[in-house]
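Asks: kindly generate the corresponding structure for this input.
(chains A, B, C and D)
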There are 4 protein chains.
Amino acid sequence: MKLDMQEYFLACSVKVRFVETDANGHMSHLSPVIYMEQARTELVLALGMGDLAKGETFFLAKQSVEYKKQAYFYDTIDIYCRVASYSKTTLEIEYVMVNQKDEIIVTAAASFVYYDANKQRVMRLPQDLQERIDALKQKPLLQHS
Amino acid sequence: MKLDMQEYFLACSVKVRFVETDANGHMSHLSPVIYMEQARTELVLALGMGDLAKGETFFLAKQSVEYKKQAYFYDTIDIYCRVASYSKTTLEIEYVMVNQKDEIIVTAAASFVYYDANKQRVMRLPQDLQERIDALKQKPLLQHS
Amino acid sequence: MKLDMQEYFLACSVKVRFVETDANGHMSHLSPVIYMEQARTELVLALGMGDLAKGETFFLAKQSVEYKKQAYFYDTIDIYCRVASYSKTTLEIEYVMVNQKDEIIVTAAASFVYYDANKQRVMRLPQDLQERIDALKQKPLLQHS
Amino acid sequence: MKLDMQEYFLACSVKVRFVETDANGHMSHLSPVIYMEQARTELVLALGMGDLAKGETFFLAKQSVEYKKQAYFYDTIDIYCRVASYSKTTLEIEYVMVNQKDEIIVTAAASFVYYDANKQRVMRLPQDLQERIDALKQKPLLQHS
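Replies: Model prediction:
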């Protein structure tokens, strides 16, 4: 798979914490799942969706992770995201995690349902979502946060 | 999807810890990934593969999780597993997580590569793997551990 | 320090998960803090305090952990607790964690404030707390859960 | 307690991740323990001690945490550290965690033993430790990492 990284923006950058390693001597398989969530938070904010004060308005329906290469304690991992597709109520996100040598260590994907937690029902995604996504593609996010 | 639970065995049973919840008020999306690992440990032991004294001899290549239903603090979750398929060097595992009301809360899958960490190379799965799998299907695992 | 284990009851028993190890090859320093929380849940329930349906009614004010001995993946750790002391609104708990060789691996302590989360104020501990504590000392808890 | 913050340097700054919250709606009691470890990594590097390539050369002997104020999802927490004292082989570190409103949310302390993991024995701290500590006091660390 050749990744067209131009579609992706840099959602966040993390350093692998020692507690995020395991007794195999490298980053735990769990850690990328944590990083995906952090990247998704930035994506939701950057798209102007979800009101943190009221709790998250996305529910995670499924996620998958492919482990390409080991990462180690104190590695810097950049997490790139893109909106792969969306429907009336769902959003598909893809992730690529890259180490400081520009090697892809993880690819991942997640499906979200947009949801009003107070009314307990699925919501329509914003009408202007395509514009928001296009606007996001113009800029690396990392500098905001 | 109708699950043929007869193919599955009970790898382990967990109670959702408070730290395994999040500010949405229910079990974090991360927790099933933790439970998958615990179930896999029991599977590897039950199949007589992997020598814990020498470290794990399986590498996780990919995993995916589908969230079907919320779980809450102190819920008891039973994690059922089955070997869905295998090739010379890889093992495909499927998981079903069931709450105390017998509702499926999560389904999941993971692919592993059998690996000799000392020689740093992929290994062949045991010749008699099919027999081991068949033997495992005869018994619920939970009682061992 | 000679511990008078007779004052303690067995709050819970855990197996060290692989994600609870770190790249030092043994149990992470974080894991006992997780186990303390699990033990505290059992203590709160066993004392008949705290209504899980309404959220926790204890706030953790401080905690401390002493690491006596390493633990490893898949070790079985028994977490013993006792109520060391209490005042009108606070509870002091002490913990001892013991491995399968009966070696103490961790000792710990925590202070809690009893709290009504709805009214957002500190509450008095139950009048009959001493009786509840005495009743708890008569029985190992583990078998309930 | 009035803290003399001038003795502290800024080891790192974190944003509270969603997985670091719990069903009480705020940051889990566990998260500051994670942040302490991250701050300690920066301290060890900043003091020129510990060789990450060879694994950590500090063992945590004990740690304690006091919870002063709640923190919430996506809060920015600055973790300040200081070397409170040291002996021939041990190091005492104190931590203060401050939110974006400059409120202290956590104070903490930890004791470490300097250790050669290969020779499996306690080591003497560097002769010039006081100079290293003094040098560190001159600069905020955050900008390095």
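Asks: what's the spacing between the closest residue to A:F112 other than its chain neighbours and chain C?
Replies: Counting by CB to CB, 6 or more residues apart in numbering or on different chains, A:F58 is the residue found nearest to A:F112 once chain neighbours are left out, at 4.3 Å. In short, each C-beta sits where N, CA and C put it, glycine included. Here the distance between A:F58 and chain C works out to 23 Å (CB to the nearest CB, to the nearest Å).
Asks: looking at chain A, which strand is longest?
Replies: strand A:104-116 (DSSP state E).
Asks: give the partner strands of it in its sheet and their orientations.
Replies: Using DSSP bridges, the strands paired with strand A:104-116 in its sheet are strand A:58-67 (antiparallel), strand A:90-98 (antiparallel), strand A:121-122 (antiparallel).
Asks: buried sites along that strand?
Replies: Across strand A:104-116, burial judged by 16 or more other CB atoms under 10 Å in any protein chain shown covers A:104-115.
Asks: quickly note the distance from the residue of chain A found nearest chain B to D:V19.
Replies: At 3.5 Å from chain B, A:S64 is the closest residue in chain A, using CB to the nearest CB. Using CB to CB, to the nearest Å, one obtains 18 Å as the distance from A:S64 to D:V19.
Asks: hang on, the earlier thing: same list, the strands paired with strand A:104-116, but as JSON lines with mean pLDDT and mean neighbour count please.
Replies: Putting the strands paired with strand A:104-116 into JSON lines (pLDDT from 0 to 100; neighbours: other CB atoms under 10 Å in any protein chain shown) gives the following:
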{"stretch": "strand A:58-67", "mean pLDDT": "95", "mean neighbour count": "20"}
{"stretch": "strand A:90-98", "mean pLDDT": "96", "mean neighbour count": "21"}
{"stretch": "strand A:121-122", "mean pLDDT": "86", "mean neighbour count": "11"}
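Asks: ok, back up a step: can I get the longest strand of chain A in PDB, CA atoms only?
Replies: Backbone C-alpha positions of strand A:104-116 (Å, rounded to 0.1, in the frame of the first residue of the first chain) are rendered in PDB as follows:
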ATOM      1  CA  ILE A 104       5.100   4.000   9.300                       C
ATOM      2  CA  ILE A 105       4.600   2.000  12.500                       C
ATOM      3  CA  VAL A 106       0.800   1.700  12.600                       C
ATOM      4  CA  THR A 107      -2.100   2.200  10.300                       C
ATOM      5  CA  ALA A 108      -5.600   2.200  11.700                       C
ATOM      6  CA  ALA A 109      -9.200   3.000  11.000                       C
ATOM      7  CA  ALA A 110     -12.300   3.900  13.100                       C
ATOM      8  CA  SER A 111     -16.000   4.400  12.400                       C
ATOM      9  CA  PHE A 112     -18.000   6.800  14.500                       C
ATOM     10  CA  VAL A 113     -21.700   7.600  14.800                       C
ATOM     11  CA  TYR A 114     -22.700  11.200  15.500                       C
ATOM     12  CA  TYR A 115     -24.800  11.200  18.600                       C
ATOM     13  CA  ASP A 116     -26.700  13.500  20.900                       C
END
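Asks: hang on, the earlier thing: hang on, isn't the residue nearest to A:F112 packed against A:Y115?
Replies: Yes. Under the criterion of CB atoms under 8 Å, A:F58 is in contact with A:Y115, at a separation of 6.6 Å.
Asks: which residues are contacting the longest strand of chain A?
Replies: Contacts made with strand A:104-116 from outside it, assessed by CB atoms under 8 Å, 6 or more residues apart in numbering or on different chains, are listed as A:1, A:3, A:32, A:36, A:40, A:49, A:57-71, A:77, A:84, A:89-99, A:121-125.
Asks: please repeat the previous calculation with a cut-off of 7 Å.
Replies: Contacts made with strand A:104-116 from outside it, assessed by CB atoms under 7 Å, 6 or more residues apart in numbering or on different chains, are listed as A:32, A:36, A:40, A:57-69, A:71, A:77, A:89-99, A:122-123, A:125.
Asks: residues of chain A that sit close to chain C?
Replies: Residues of chain A found near chain C, taking CB under 7 Å from any CB of the partner chain as the criterion, are A:18-19, A:21-23, A:25-26, A:28, A:30, A:73.
Asks: any idea which helix or strand carries A:P32?
Replies: According to DSSP states H and E, A:P32 maps onto helix A:31-46.
Asks: how about that helix, does it reach chain D?
Replies: Yes. In terms of CB under 7 Å from any CB, part of helix A:31-46 sits within range of chain D, namely A:34, A:37-38, A:41.
Asks: that helix: how far from the chain's middle?
Replies: Going by CA atoms, centre = their mean, to the nearest Å, the spacing between the C-alpha centre of helix A:31-46 and its chain's C-alpha centre is 4 Å.
Asks: quick one: mean pLDDT for that helix?
Replies: Here the mean pLDDT over helix A:31-46 is 94, rounded to a whole number.
Asks: which strands and helices sit next to that helix?
Replies: The helices and strands touching helix A:31-46, judged by 3 or more CB pairs under 7 Å, 6 or more residues apart in numbering or on different chains; DSSP states H and E, are strand A:9-15, strand A:58-67, strand A:76-86, strand A:90-98, strand A:104-116.
Asks: export the shortest one to PDB, keeping only CA atoms.
Replies: Listed next in PDB are the C-alpha coordinates belonging to strand A:9-15 (Å, rounded to 0.1, in the frame of the first residue of the first chain):
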ATOM      1  CA  PHE A   9      -3.100  16.200   8.500                       C
ATOM      2  CA  LEU A  10      -1.000  15.900  11.600                       C
ATOM      3  CA  ALA A  11      -3.500  15.500  14.500                       C
ATOM      4  CA  CYS A  12      -1.000  15.200  17.300                       C
ATOM      5  CA  SER A  13       2.400  14.100  18.200                       C
ATOM      6  CA  VAL A  14       3.200  11.900  21.200                       C
ATOM      7  CA  LYS A  15       6.300  10.600  23.000                       C
END
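Asks: report the angle between that strand and helix A:31-46.
Replies: For the pair strand A:9-15 and helix A:31-46, the angle between their directions (axes from the mean of the first three to the mean of the last three CA atoms, to 10 degrees) equals 140 degrees.
Asks: what's strand A:9-15 packed up against?
Replies: For strand A:9-15, the helices and strands in contact under the criterion 3+ CB pairs under 7 Å, 6+ apart are helix A:31-46, strand A:76-86.
Asks: run the last query once more with 10 Å
Replies: Strand A:9-15 is packed against helix A:31-46, strand A:76-86, strand A:90-98, helix A:129-137, helix D:31-46, with contacts defined by 3 or more CB pairs under 10 Å, 6 or more residues apart in numbering or on different chains; DSSP states H and E.
Asks: identify the residues contacting A:F73.
Replies: Under the criterion of CB atoms under 10 Å, 6 or more residues apart in numbering or on different chains, the contact list for A:F73 reads A:15-21, A:25-27, C:22-24, D:41, D:52, D:55-56.
Asks: pLDDT weak spots in chain A?
Replies: By pLDDT under 70, the low-scoring segments of chain A are A:1-4, A:50-56, A:140-145.
Asks: let's see 50
Replies: Applying pLDDT under 50 to chain A flags the ranges A:1, A:144-145.
Asks: which one of the buried residues of strand A:104-116 is nearest to D:A11?
Replies: A:I105 (25.9 Å; CB to CB).
Asks: with adjacent residues omitted, what lies nearest to that closest one?
Replies: With CB to CB, 6+ apart as the criterion, A:I105 has its nearest non-adjacent residue at 4.4 Å, and that residue is A:K69.
Asks: my guess is that neighbour meets A:N99, correct?
Replies: Yes. Here A:K69 lies in contact with A:N99, judged by CB atoms under 10 Å, at a distance of 7.4 Å.
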